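K.L.:
Pasted the sequence and its predicted model underneath.
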Amino acid sequence: MRPVISMIDRMADFFAFLGKVAILLLIASMLYEVLARYLLNAPTLWAFDISYMLNGSIFLLGAAFALKEDAHVRIDFLSQLFPRRTQQWINGLLYLLVLLPIFVAFSWVSSSKAYKAFLTQEVESVSPWAPLVWPFYGLIALGLIAFSFQFLSEGLKFVLGLSHPGEGAQKELDDETGIANTVMGDSDK
Amino acid sequence: ADVTWKMTAAIGEGSFFYQNFMERFAKNVDVVTNGRVEIKPFGAGVLAPAFKAYEAVQDGIVEAGHSTPSYLVNQDPTNAIFASFPGGMSGEATLHWLYEGGGEKMLQEFRAKEMGLHTMVVGVGTSEIMAHSNVKIETVDDLKGVKYRTSGAFAAVLKEKFGGVPTVVPGNEIYTLLQRKGVDAIEWSTPGANISEGFHEVAPYIIMPGVHQPSFVWEVFVKQDTWKEMPDDLKALVSAAAKLTTYESFTYFGDKDIKAMQDLRKTKVQFVNMKPKDSEAIRAAGRNWAQEQADKMAKDGKDRMQKVLSDYLAYQAAWSENSGYLVRDSKD
Amino acid sequence: MSLMPLYMFGLLFVLVFAGLPVSFALITTAVGFGWLMFGDVVFLQLYGALLHTASNYLLAAIPLFIFMGAVLERSGIAKRLFWALQLWMGRMPGGLALSTIAMCAIFAAASGVVGAVEIVVGLMAIPAMTKAGYKNDLIAGTICAGGSLGTIIPPSVIVVVYASIAQLSIGTLFAASIIPGLLMVAFFVLYILVRSILKPEDAPVIKIEDNDMPIGEKLKTTALALFPPLILIVLVLGSLLAGAASATEAAAVGAAGTLVLAASFKELNLEMLKGTLIVTLKITAMIMLIVTGGTMFTSIFAVHGGGSMVRDMVGVIGFGDAGVIIFFLLVVFVAGFILDWVSIVLIFIPIFTPVINATSIDPVWFAMMVLVVIQTSYLTPPMAPSIFYLRAIAPKSMTYGHMYKGVLPFVVAQGLVLLVIILFPETTTWLPSLLVGL
Ligand code: NA
Ligand code: NA
């Protein structure tokens, strides 16, 4: 089981890397548009489509990673009262038996939409740039597939007792605290 | 009800168009069929995204959809002829072409053949305001370098023929960007619809006439199977409700437009009529654009667009040559 | 009338309280109830909601605003600013608490999400205030309330999401929220001042070692500390309000600006950039997934007749526009106990918007009231992000009791701001209208 889990986790990291590149591309392309529009008086035809496509890509490329890091907001003041193992089973079973099938279905739908868009060479409906939509649709499909796999990985981790719901959020706080501590630490030099 | 259709819109719930088209159609169907057919309208984004109404019906998510061929122009420019384009006919002539000149039949063939849909025209519009503008536009030379929020065929014509700069602006940012001069000019809709958007508060000029979009056409469509399953008497009644809605909404638009123009006249906004020869230049460029698209389609072995365009242009020519007997209630 | 819409909320809350992340609970509920209506076509239908969210141009401002805040947190800008503020305010009654609020306000105006800034500020301010002998509840309240300013002081991600749902202009909403934001700061300051003057033992005045710093040097330190956030405020808000950029463009300018600033202080390095990108990616994916889930939920809610149910309820309550406003604000306030802000906006605004549009209520004014009420959700337990953040950094001696008692006066202050907005709608409409007109 563990090799499967670690392979899925590595896939999430890889998509996250692409997502980080997409963030930088989003900043760069919007800056270019600002310069082109206000300094050169020549707005691009593509900035509008590119920016939402990049944002959508950031979202879906980061979805699996955010799940792996347990970054999704949980309201656990009640569930924290349950025994540890119970919390793990509740989340594990919901991940494996409910969310995994749901996202497999979404992966299927998005893949067929991407494939159909590729076959028909569908273009963006109202954009004057009219880009082909299959690359963006394809990215959404890939992101959803990775997301589905991540539900498998995280669900297994909970059920096997390898991780605990909500501790990712705690880890996040510790990270932030750590960073903040470094900032504080600088003041001593 | 014997038949219930969920119907998805390409416009938001509560908007002027939504009330005038969607809600009016649902109400007319109810009255005409004596409650045997129920239409449940949903605003854009509730059941399907605004631009995906056709796809939502094809996918079987909803039974019916309401949208405009304008949203399919990038997929197939034949749609531009049905939706109206720069250089196209007035709303009045469009109504005649659709219902008496065989336009609606051609649209129905087109939808059936290419998309597996049965369609009915529901909604023909009046002319739009050509622009709310920060710069005075009287001639086509004035279009040069103008950052103009527009899309579709006019965007192409503006850029290629007149050196304008078509710009994409999301719907709810138009007002602010116009106000802050992020764009020089914007086109949105008819006077009756524009006045509530308040564009005249932030831009000093209203440019007319709306040759960029002399009319517009919306349609209600269902899968062909959905249509076939319906009893014949209901088919006739629903079709009648569609036609009734088109006529009622057209006069409603016209009435609201004239009242809006009256109200706009009371504001500080300045009306600018483009020189007739320059308006004509835009119309000619628009027709050229349509012809180029038809040529391109023909080259790929698809001759439908040329057939529709020839029919449309012939109807328009006959109308413009012979409508001189009509009393026009305009000042000049 | 079908009770389906109510059952939807029932299932949603069961899943949320079982400890499932909110976005997953929204999606699961939507799929379950959607299945009843659509069968397996529900996935095609809800995919539309996902695609719609993933291709929303306005939401592209979100990662950019998050990125901006993340760079700010990781640079030394925060530390220098807090120090400079103390130089000026330290000797006033409640000086440390005032510096903390000022610091949070400035950060809120220079970035789109503040959440974690609370930690940066808290880590500096808590030890300082504890050492000076501040009462625990005042410390807790100040830090939490300061942390909540990010939502109301523009730019703010919540306004971006709100505008995209209610079809309002982001620029107008930003302009409208400036005065309520300043009012909020003023009320917080007022509370701290009054309490510190009436009960000096709650907030003893500290002795700052650099009191004797020559005025020239003091000014230089201050200028150096204030310069970076001010530049960002001018870049982002300036280009949005006076200039011409759209929100997404302004956010990109701000994101690039923070990078340049961090670099100019030699605080930019690969590690920091990586950390910033990771946080941006995670929070963006998290927010976008809630937006997706919320869109799915409201879509199915509408299919089951939720919209007409709400309209009926509003009709039953009566009292016209006032009734509508009070009812909706109450819903938001109660929801704020248990839901986070993204979910509140995503679930309720699509339900409210058609009702509001059908009345004569100014949608911008209404938006500001909702935003102020949503801000209380940061402070109201049990779901109180501000208190969660504080818990992570607070010393053992500070109990939940201190925290709950401490945030209470600030929630009251938020209520007073709401009252001012209700009584004087101009506080929200005047600035946007100033930017209008020929
Ligand atoms: Na902010
Ligand atoms: Na709360």
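P.N.:
Ah, there it is. Ligands and ions are numbered 1, 2, ... in the order given.
K.L.:
So, low pLDDT: which residues of chain C?
P.N.:
Counting by pLDDT under 70, chain C contains low-confidence ranges at C:1, C:112-117, C:207-212, C:242-244, C:435-438.
K.L.:
Mind checking which residue lies nearest the centre of it?
P.N.:
residue C:151 (2.0 Å; C-alpha atoms, centre = their mean).
K.L.:
doesn't that residue fall inside a helix?
P.N.:
Yes - the assignment for residue C:151 by DSSP: H, G, I helix; E, B strand; the rest coil puts it in a helix.
K.L.:
Output the below-cut-off pLDDT ranges for chain A.
P.N.:
Filtered on pLDDT under 70, chain A yields the residue ranges A:168-189.
K.L.:
which bits of it sit near chain B?
P.N.:
For chain A, the residues in contact with chain B (C-beta under 8 Å from any C-beta of the partner chain) are A:37, A:41-43, A:45, A:47-49, A:122-128, A:130. Bear in mind the C-beta positions are built from the backbone N, C-alpha and C, glycine included.
K.L.:
Please name the strands paired to the helix or strand hosting residue B:219 in the sheet, noting orientation.
P.N.:
In this structure, residue B:219 sits in strand B:217-223 according to DSSP states H and E. With DSSP bridges as the test, strand B:217-223 is paired with strand B:64-67 (antiparallel), strand B:117-124 (antiparallel).
K.L.:
Rounded mean pLDDT for the longest one, please.
P.N.:
So that's strand B:117-124. Per-region confidence: strand B:117-124 scores 97 on mean pLDDT.
K.L.:
how far is that strand from where the chain is centred?
P.N.:
Here strand B:117-124 is found 12 Å from its chain centre; the criterion is C-alpha atoms, centre = their mean, to the nearest Å.
K.L.:
if we can go back for a sec, state the mean pLDDT of the following helix or strand past the strand holding residue B:219.
P.N.:
Note on strand B:217-223: by DSSP H and E, the next helix or strand toward the C-terminus is helix B:224-228. For helix B:224-228, mean pLDDT rounds to 97.
K.L.:
Check whether the strand or helix carrying residue B:243 comes into contact with chain C.
P.N.:
In this assignment (DSSP H and E), residue B:243 forms part of helix B:232-265. No - Helix B:232-265 is not in contact with chain C by C-beta under 8 Å from any C-beta; minimum separation 14.1 Å.
K.L.:
now the end-to-end length of stretch C:83-101.
P.N.:
This stretch, stretch C:83-101, spans 13 Å end to end (C-alpha to C-alpha, to the nearest Å).
K.L.:
Hmm, I typed the wrong one, I wanted stretch A:122-129.
P.N.:
Stretch A:122-129: ends 13 Å apart by C-alpha to C-alpha.
K.L.:
What about the nearest residue to residue B:255 once chain neighbours are set aside, how many residues nearby?
P.N.:
Take residue B:255 and drop its neighbours on the chain: the residue closest to it by C-beta to C-beta, 6 or more residues apart in numbering or on different chains is residue B:192, 7.9 Å away. Here the count is done by other C-beta atoms under 10 Å in any protein chain shown, and residue B:192 has 23 residues near it.
K.L.:
got the contact list for stretch B:188-195?
P.N.:
Applying C-beta atoms under 8 Å, 6 or more residues apart in numbering or on different chains, the external contacts of stretch B:188-195 come out as B:16-17, B:125-129, B:132, B:174, B:197, B:199-200, B:253, B:255-261, B:263-264.
K.L.:
Going through those residues, which ones are buried?
P.N.:
Among those, those classed as buried by 16 or more other C-beta atoms under 10 Å in any protein chain shown are B:16-17, B:125-129, B:132, B:174, B:197, B:199-200, B:253, B:256-257, B:260-261, B:264.
K.L.:
Quick check: the gap between the residue nearest to residue B:255 and chain A.
P.N.:
Shown here: residue B:192 relative to chain A, a distance of 22 Å by C-beta to the nearest C-beta, to the nearest Å.
K.L.:
Over to that residue. Which of the three states is it?
P.N.:
In terms of secondary structure, residue B:192 is helix; the call rests on three-state DSSP.
K.L.:
Could I get the contacting residues of the nearest residue to residue A:68 once chain neighbours are set aside?
P.N.:
Ranked by C-beta to C-beta, 6+ apart and with sequence neighbours excluded, the top spatial neighbour of residue A:68 is residue A:12, at 4.6 Å. Counting by C-beta under 8 Å, 6+ apart, residue A:12 makes contact with A:64, A:65, A:67, A:68, A:146, A:149, A:150, A:153.
K.L.:
How about residue B:272?
P.N.:
Residues near residue B:272 by C-beta under 8 Å, 6+ apart: B:133, B:136, B:137, B:138, B:205, B:206, B:207, B:208.
K.L.:
What strand or helix carries it?
P.N.:
For residue B:272, the enclosing helix or strand under DSSP H and E is strand B:270-273.
K.L.:
Give me the sheet partners of that strand and which way each runs.
P.N.:
Strand B:270-273 has these partner strands in its sheet, going by DSSP bridges: strand B:205-208 (parallel).
K.L.:
Let me see the mean pLDDT of the strand it pairs with.
P.N.:
Here strand B:205-208 scores 96 as its mean pLDDT.
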